[in-house]
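> Return a 3D structure for these sequence lines:
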Amino acid sequence: MRIGFLGIVVVLLALDLGILHRKQRDIGVRESLMRSPPPPHRKGPDMPYKRSLSRFSKRSWHDFSSDVHRARNEQLMEGIVAGCALVAYADGWVTDTERDRMSALIRGCEPIAAFGLAEVGQTFADYTQRFSDDFEAGERHALDAVARLKHVNRYNTLLVETCCAIADADGGFEEEERLAAIRICDALDLDPASFGLAEAP
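All right, here's what the predicted structure looks like:
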């Protein structure tokens with residue numbers, strides 16, 4: 001049976017190489033695209049962020065992602081990362097595991113990846129190092145970076161939405177994290193109630 005199977009393989013190979021594809025030729029872009037398999041459907045990594053964003057924003061994930069991609073603004077990226085560092089250190093200290101998890105969450109959020117994973121990761125490492133060296137100084141530095149977007153419409157809202165969605169995607173939004181997010185809103189002169197972080201007056 002094995003000999004018969006091998007014989008069939010040899011015949012098909014000879015047919016393919018000797019008759020069907022005897023002449024070598026370059027294929028065009030269109031043909032190469034038709035022959036290529038479709039990209040795998042990605043639905044895992046974004047799902048926690050989508051669910052989390054819906055808790056803090058009225059906009060859709062598509063609109064949110066489009067706004068972040070269009071921005072590609074260094075101040076926005078630094079403000080988002082600084083805000084995430086504030087949320088991460090909300091209870092006053094962070095273990096190495098917690099810091100690494102938050103860093104992975106930031107880099108795993110696809111819209112944020114538009115700023116460049118290496119740059120985002122290094123910026124977060126810089127902010128967390130400041131917190132580790134001197135908590136109060138690190139907090140002031142992070143709030144200063146957030147406050148630079150105080151009067152920049154749309155960016156300030158994106159900052160709060162992103163920080164909240166990333167923190168919540170870790171499995172829940174703790175009370176200390178909610179209070180840190182409210183401080184971020186205060187620094188931006190935004191109403192925490194509009195993000196569901198506090199009750200409307």
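
> ok, the residue lying closest to residue 196 once chain neighbours are set aside - contacts?
Leaving aside its chain neighbours, residue 196 sits nearest to residue 56 (5.8 Å; criterion: C-beta to C-beta, 6 or more residues apart in numbering). Placement of C-beta: from N, CA and C, glycine included. By C-beta atoms under 8 Å, 6 or more residues apart in numbering, the contact list for residue 56 reads 160, 161, 164, 165, 168, 195, 196, 197.

> Looks like the third one contacts residue 195 (just checking).
Yes - with contacts defined as C-beta atoms under 8 Å, residue 164 counts as touching residue 195 at a distance of 6.3 Å.

> Quickly list what's touching both of the two.
56, 181.

> So in the chain, where's the weakest helix or strand by average pLDDT?
Using mean pLDDT, DSSP states H and E, the weakest-scoring helix or strand in the chain turns out to be helix 29-35, at a mean of 43.

> Next SSE downstream of that helix?
Where DSSP states H and E defines the elements, the next helix or strand beyond helix 29-35 is helix 47-56.

> For that next one, what is the distance to the chain centroid?
Distance of helix 47-56 from the chain centroid (C-alpha atoms, centre = their mean, to the nearest Å) equals 12 Å.

> In that helix, which residues are buried?
Neighbour-count burial for helix 47-56, counted by 16 or more other C-beta atoms under 10 Å, picks out 48, 49, 50, 52, 53, 56.

> List of residues touching the helix or strand following that helix?
For helix 47-56, the succeeding helix or strand toward the C-terminus, using DSSP H and E, is helix 61-71. With contact meaning C-beta under 8 Å, 6+ apart, helix 61-71 is reached by 46, 49-50, 53-54, 57, 59, 76, 110-112, 114, 154-155, 158, 161-162.

> in this protein, which segments are predicted with low confidence?
1-7, 9-47, 200-201 (pLDDT under 70).

> which residue ranges form the strands in it?
Read by DSSP state E, the chain holds no strands at all.

> quick one on the thing from earlier: mind putting the contacts of residue 56 into a markdown table with neighbour count?
Formatted as a markdown table, the contacts of residue 56 follow (neighbours: other C-beta atoms under 10 Å):
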| residue | neighbour count |
| --- | --- |
| 160 | 27 |
| 161 | 22 |
| 164 | 28 |
| 165 | 25 |
| 168 | 24 |
| 195 | 22 |
| 196 | 16 |
| 197 | 22 |
